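1. Could you look at this predicted model? Sequence included:
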Amino acid sequence: MRQKPSALLIDFDGVLRHFDPAVIAVAEERYGLEPGAVTDVAREWPRLEAAITGRVSHADWFLGVADALADRVGGPTMARNLMVEYGAYRGAVDTEVHAFVRSARQAGVRVVLATNATDALDLDLDQFGIAGDFDAVANSSAIGSYKPQKEYFLAACALVDTPPAQCLLIDDTDRNVRGARAAGLSALRFSGPADLSYARSALSLP
């Protein structure tokens, strides 16, 4: 039988933080782009991989996206202005998920923010005032590997000195959930705060 989890790994974007695409679409429309165009370019592989493994900085990643969009928005200056606007919107923290994280720590569960992110993550955590709400932060750009790679999950568990079999991941992406399970963790596919009831039960939280 699987051991009861004593540590929680929780994803950032899509679980703890959410973006409203309508906010981003306003800026995109102003520059003559269809909704989602900037995000699509930003997430192109290998551009994104370089950013989330720390091979390029967040700033250089954005410059690369601007360069890729320049011909579509009227030149390099317009493209960089667009990326300034795009980057200014940092989304919002889900208050219910945040409360769950804090309650888990209060109950003695070690909590790791486990996310594929750039070197701008610390600034985001400071901006939201949640930097102190985790026992550790497993930032892919600092670790050098990313979800769903086994090396990433093993490194994340090691940050809180907990064997994978005693760690529970909450993530909104199927491949990350599958990767965590393959690495020996328990994993929950997150689709909304209602899913936290299962996590509370698994962690024996009140």
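-> Cool, got the structure.

2. C-alpha coordinates for stretch 103-111, PDB please?
-> Provided in PDB are the C-alpha atoms of stretch 103-111 (Å, rounded to 0.1, in the frame of the first residue of the first chain):
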ATOM      1  CA  SER A 103      -3.600  25.000   6.200                       C
ATOM      2  CA  ALA A 104      -1.400  22.200   5.100                       C
ATOM      3  CA  ARG A 105       1.700  23.800   6.500                       C
ATOM      4  CA  GLN A 106      -0.100  24.600   9.700                       C
ATOM      5  CA  ALA A 107      -0.800  20.900  10.000                       C
ATOM      6  CA  GLY A 108       2.800  20.000   9.600                       C
ATOM      7  CA  VAL A 109       2.800  19.100   6.000                       C
ATOM      8  CA  ARG A 110       5.900  20.300   4.100                       C
ATOM      9  CA  VAL A 111       4.900  22.300   1.000                       C
END
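
3. Tell me the buried residues in that stretch?
-> 104, 109, 110, 111 (16 or more other Cβ atoms under 10 Å). From N, CA and C alone the C-beta is placed, and that goes for glycine too.

4. Also stretch 51-68?
-> Neighbour count says stretch 51-68 has 51, 52, 53, 54, 56, 58, 61, 62, 63, 64, 65, 66 buried, by 16+ other Cβ under 10 Å.

5. got the contact list for that stretch?
-> Outside stretch 51-68, the residues that touch it by Cβ atoms under 8 Å, 6 or more residues apart in numbering are 38, 41-42, 44, 47-50, 76, 79-80, 82-83, 86-87, 116-120, 140-142, 144-146.

6. Centre of the chain to it, how far?
-> 16 Å (Cα atoms, centre = their mean, to the nearest Å).

7. What of stretch 131-149?
-> The answer for stretch 131-149 is 9 Å, by Cα atoms, centre = their mean.

8. and the end-to-end length of it?
-> Taking Cα to Cα, to the nearest Å as the measure, stretch 131-149 stretches 25 Å from start to finish.

9. quick one, phi/psi of the residue of the chain positioned farthest from its centre?
-> Most distant from the centre of the chain: residue 74, at 31.5 Å, with distances by Cα atoms, centre = their mean. Dihedral angles of residue 74 (phi, psi; degrees, to the nearest 10) stand at phi 100, psi 20.
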